[in-house]
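A.B. asks: can you look at this prediction? I've put the sequence above it.
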Amino acid sequence: MPPTTLPSEQAVSLHECLISLGSNIDPEHYFDQALTILSQECKLLARSKAIRTTPVGYQQQPDFLNAALLVSTSLEQAAFRAYLKEVEDRLGRVRGAIKSGPRTMDLDMVAWDGEVVDEGYYQHDYVKVPVDEVLASSGRTLEPVKRL
């Protein structure tokens, strides 16, 4: 006799990711584009205001616009990191010889499920200030990761 009920789908595990955004090539345009893509393809939980910052490293370039987003995703951490690089590519990111050079969009994973995964959070105000704003507005906190 066939079963009378369909097997239930396994619950999808969601992860929260704090993302640092940075752009200094037509930054308002690329911020809007990144926000549109990430809002459509992830669940946007919180966002910071954008702040203007001076370049770090290579100085012969325009100032940056930086912000942070908190999103949830069903992807695992490595897959989500690869996804962020793919979004950068979709937004015209060119990785040149100068690592800290101009870019249309830089999307870095700062924290995963409440744990810091990027030292930049502790080293750079252009990461820390927007991330801390998102944490305050969303009631979240961060735990340092021992493996950093």
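C.D. replies: On my side now, so go ahead. Since we're looking at a predicted model, the values are computed, not measured. Numbers count the residues shown, from 1 in each chain.
A.B. asks: not counting its neighbours along the chain, what's nearest the residue nearest the centre of the chain?
C.D. replies: The chain has I19 as the residue nearest its centroid, 2.0 Å off, counting by Cα atoms, centre = their mean. Spatial nearest neighbour of I19, excluding adjacent residues (Cβ to Cβ, 6 or more residues apart in numbering): L69 at 4.8 Å. Yep, even glycine has a C-beta here, placed from its N, CA and C like the rest.
A.B. asks: now do the contacts for the residue nearest to the centre of the chain.
C.D. replies: With contact taken as Cβ atoms under 8 Å, 6 or more residues apart in numbering, I19 is in contact with 38, 68-71, 84, 107-110.
A.B. asks: same thing with R103?
C.D. replies: 22-25, 88, 93-94.
A.B. asks: centre of the chain to stretch 17-34, how far?
C.D. replies: 10 Å (Cα atoms, centre = their mean, to the nearest Å).
A.B. asks: now swap in stretch 107-127 and tell me
C.D. replies: 9 Å.
A.B. asks: ok, now stretch 72-80?
C.D. replies: 12 Å.
A.B. asks: can you give the contact residues for it?
C.D. replies: By Cβ under 8 Å, 6+ apart, the list of residues contacting stretch 72-80 reads 12-17, 42-43, 45, 83, 109, 112, 117.
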